[in-house]
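Trainee: Here is the input, now give the coordinates:
(2 chains)
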Amino acid sequence: MKSTVLYLATFFIFFVSVHTQAQAEIKDYCKRNVTWKKVKSDLQPYRYTQGKSIKLSFKRYPQRKQIIIPMYREMEHVMIFNTEGVGDHEVKIRVYDAPIRDNTKEMLFEASLEKGQDKFQMPVTYKGIKLYMEIYIPSNDVERSIQEKGCVLFMMGYLDPEMKEDGRNESVMR
Amino acid sequence: MKFSHQSFVWLCAMFLLACQSSQTSNQKEDKPLLVEEKKVETDHEEVEVAVELSLPSVVQVGQLFKKAGLRYIDDLTNTAENASKYSSRTSKLLNYGIYSTDLTYCVLNNQSNEALKYIKTLKELSVDIGFAEIYSNRDLFARFEQNLGTPDSILNIMDEIQEQTDFLIDEAGLKKESIQVFTGAWIEGMYLGSEASVGEDRELVTYRIAEQIHLLTDILEVYKVNEYNEGELSSLYHKLSELLNYYSELDSVKEAPEGKGVIHLSLTEMHGLASQIQELRTFIVQ
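Mentor: This next block holds a predicted model:
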């Protein structure tokens, strides 16, 4: 009987310790609803084509994320990057003309994120059919018991130069 | 109550296994729509690299084709009546994408009655695929009907639908659903583009088709890396791969210099490609 109680007590302590470890505190800086609306309103007069939040999980080592963005010639594109959902982490966003491991890639844009948001107007003369957005996520020194998360909000719009002339892109009806 | 040492060890082992499997499944749900995920070594540090794909709206792709000279052909789209035939979740998702493109095609070509049929079909299908929230706003439908004769206003409403779809996918983590819907929309765009250009040397339309094919490589990677190329989606994946292989073997493609440009296909090549696309599309809508 005594040994049974001992076994059960040990199991109870073991259960509590593992359970506590598994449920590390999660701190999520991402406020998708708010930033989505904000970014969308800044997209005008461009027509919406795509939007997504790129989820980040800050780890003890640096990470890099690449987002492949299809492009279409003869259209003006604009990209908006919002980093209000990354906390104090110094995330960097750059846009290249080639994939992450291509040594010949050229940087076309680096976002200035002091104000939490930046806009890149892609020249209509760009000949490529894809763009590559890279997000540099620094390593995180925060104690392991806190799991920090966040997101970068990305939205893209376009203008057809022919349509712009007759004002159709401006005819926003909400 | 007899509690042996062996029972205790088993209890602990089972508990650990349960914890581990629950953590694994949670991690999988949190993953974005990946194209690839690898660890690479740079000059100074090891970084974890994840690659995601961002997908364009059907309205933008439709406008590109329209601008390139894509004409309207009666009875080319998938009839709204076919929607009742789709019973599996996969076929509903793929055909939701097909109908999204058909709706755009009709709106861009001032086919108001057809457009109305397609928006209603999309709303019906949305209930079964978890997209019902997008159409829950009654005002959206009323505005759609009121503005049927004004394509620009309808396109604005469609932008709104696209935005709400993207937001829902993002919020609810409907990654697998989103790539299936996009695949359907992509195939229908390719089908309409190839059918409406066959018979005439419509250089700009074929140029846009070749441009769109480049996206297929990334779409296939999404299926592969996320293991969506298994089970019910394995046939689709196989057929999409066949289409890419067919395209890669075309003379214009093989002879084209490596670079960032888009290939111009000959009329004969376009005929062959159109036939491949038609076969793939039939597989989905039948």
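Trainee: which intervals of the stretch 51-200 of chain B have sub-threshold pLDDT?
Mentor: Where the stretch 51-200 of chain B drops to pLDDT under 70, the residues are B:197-200.
Trainee: which residues in it form helices?
Mentor: Here the stretch 51-200 of chain B has its helices, by DSSP state H, counting those that start in this stretch, at B:58-67, B:89-108, B:112-129, B:138-146, B:151-172, B:175-195.
Trainee: Figure out which of those helices is closest to B:Q286.
Mentor: helix B:89-108 (9.5 Å; Cβ to Cβ). No exception for glycine: its C-beta is placed from N, CA and C like everyone else's.
Trainee: what's the angle from that closest one to helix B:138-146?
Mentor: For helix B:89-108 against helix B:138-146, the angle by axes from the mean of the first three to the mean of the last three Cα atoms, to 10 degrees is 40 degrees.
Trainee: Tell me which other helices or strands helix B:89-108 touches.
Mentor: helix B:58-67, helix B:112-129, helix B:151-172, helix B:175-195, helix B:267-285 (3 or more Cβ pairs under 8 Å, 6 or more residues apart in numbering or on different chains; DSSP states H and E).
Trainee: Now tabulate the ones you listed in CSV and tack on distance to A:I69 and mean neighbour count.
Mentor: Formatted as CSV, the helices and strands packed on helix B:89-108 follow (distance: least, Cβ to Cβ, whole Å; neighbours: other Cβ atoms under 10 Å in any protein chain shown):
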stretch, distance to A:I69, mean neighbour count
helix B:58-67, 12, 24
helix B:112-129, 26, 19
helix B:151-172, 14, 20
helix B:175-195, 14, 24
helix B:267-285, 24, 17
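Trainee: what would these look like in a markdown table with distance to chain A?
Mentor: Converted to a markdown table, the helices and strands packed on helix B:89-108 look like this (distance: least, Cβ to the nearest Cβ, whole Å):
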| stretch | distance to chain A |
| --- | --- |
| helix B:58-67 | 5 |
| helix B:112-129 | 16 |
| helix B:151-172 | 5 |
| helix B:175-195 | 10 |
| helix B:267-285 | 17 |
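Trainee: Distance to B:Q212 added to these, as TSV?
Mentor: Listed next are these as TSV, based on distance: least, Cβ to Cβ, whole Å:
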stretch	distance to B:Q212
helix B:58-67	7
helix B:112-129	21
helix B:151-172	17
helix B:175-195	6
helix B:267-285	10
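Trainee: Now the closest residue to A:E74 other than its chain neighbours: phi and psi?
Mentor: Excluding the flanking residues, the one nearest A:E74 by Cβ to Cβ, 6 or more residues apart in numbering or on different chains is A:V124, at 6.7 Å. With angles defined as degrees, to the nearest 10, A:V124 sits at phi -70, psi -10.
Trainee: low pLDDT regions in chain A?
Mentor: Low-confidence segments of chain A (pLDDT under 70): A:1-23, A:161-174.
Trainee: Would you mind measuring from the residue nearest to A:E74 to B:G193?
Mentor: Separation of A:V124 from B:G193 (Cβ to Cβ, to the nearest Å): 22 Å.
Trainee: Relative to the whole chain's centre, how far out is stretch B:245-252?
Mentor: Centroid displacement of stretch B:245-252 relative to its chain, using Cα atoms, centre = their mean, to the nearest Å, is 22 Å.
Trainee: Mind checking the pLDDT average for that stretch?
Mentor: Averaged over stretch B:245-252, pLDDT sits at 93.
Trainee: Span of it from start to end?
Mentor: Stretch B:245-252 has an end-to-end distance of 14 Å (Cα to Cα, to the nearest Å).
Trainee: repeat for stretch B:106-115
Mentor: End-to-end span of stretch B:106-115 (Cα to Cα): 5 Å.
Trainee: what's around B:I213, how many residues?
Mentor: Neighbourhood size, B:I213 [other Cβ atoms under 10 Å in any protein chain shown]: 23.
Trainee: OK, contacts around it?
Mentor: Applying Cβ atoms under 8 Å, 6 or more residues apart in numbering or on different chains to B:I213 gives the contacts B:190, B:244, B:247.
Trainee: you'd agree it is in a helix?
Mentor: Yes. Assignment of B:I213 by DSSP: H, G, I helix; E, B strand; the rest coil places it within a helix.
Trainee: where's it relative to chain A, distance?
Mentor: Per Cβ to the nearest Cβ, to the nearest Å, B:I213 is found 10 Å from chain A.
Trainee: And B:N226, by the same measure?
Mentor: B:N226 sits at a distance of 14 Å from chain A (criterion: Cβ to the nearest Cβ).
Trainee: Return the backbone torsion pair for that residue.
Mentor: phi -90, psi 0.
Trainee: thought it was touching B:Q180?
Mentor: No. The criterion here is Cβ atoms under 8 Å, and B:N226 misses it with B:Q180 at 11.4 Å.
Trainee: for B:G193, what are its contacts?
Mentor: Taking Cβ under 8 Å, 6+ apart as the contact definition, B:G193 lies against B:65, B:70, B:205, B:208-209, B:212.
Trainee: Checking my notes, B:H238 in a helix, right?
Mentor: Yes. Counting by three-state DSSP, B:H238 is part of a helix.
Trainee: who touches it in this structure?
Mentor: B:H238 makes contact with no residue, according to Cβ under 8 Å, 6+ apart.
Trainee: Please see if stretch A:146-162 touches chain B.
Mentor: Yes. Residues of stretch A:146-162 contacting chain B under Cβ under 8 Å from any Cβ of the partner chain: A:154, A:156, A:158, A:160, A:162.
Trainee: May I see the buried residues of that stretch?
Mentor: Neighbour-count burial for stretch A:146-162, with 16 or more other Cβ atoms under 10 Å in any protein chain shown as criterion, is recorded at A:147-160.
Trainee: what's the answer for stretch B:237-255, then?
Mentor: Those would be B:237, B:239-240, B:243-244, B:246-247, B:250, B:252, for stretch B:237-255 by 16+ other Cβ under 10 Å.
Trainee: between the residues you listed, which is closest to chain A?
Mentor: Taking Cβ to the nearest Cβ as the measure, chain A lies nearest B:Y247 of these, at 14.3 Å.
Trainee: Assign that closest one to helix, strand or coil.
Mentor: Of the three states, B:Y247 takes helix according to three-state DSSP.
Trainee: show me what contacts it?
Mentor: B:213, B:216, B:253, B:273, B:276.
Trainee: would you turn the residues you listed into TSV with distance to A:H77?
Mentor: Conversion of the contacts of B:Y247 to TSV gives the following (distance: Cβ to Cβ, whole Å):
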residue	distance to A:H77
B:I213	20
B:L216	21
B:V253	26
B:L273	27
B:Q276	30
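Trainee: Doesn't A:V78 lie inside a strand?
Mentor: Yes. With three-state DSSP as the criterion, A:V78 is part of a strand.
Trainee: was I right about it contacting A:Q44?
Mentor: No. Here A:V78 lies out of contact with A:Q44, judged by Cβ under 8 Å, at a distance of 10.0 Å.
Trainee: From the neighbour counts alone, determine which of those two ranks first.
Mentor: Taking other Cβ under 10 Å, A:V78 and A:Q44 do not tie; A:V78 has more neighbours (19 against 12).
Trainee: Tell me, how many residues neighbour the residue nearest to A:E74?
Mentor: The number of residues near A:V124, taken as other Cβ under 10 Å, comes to 12.
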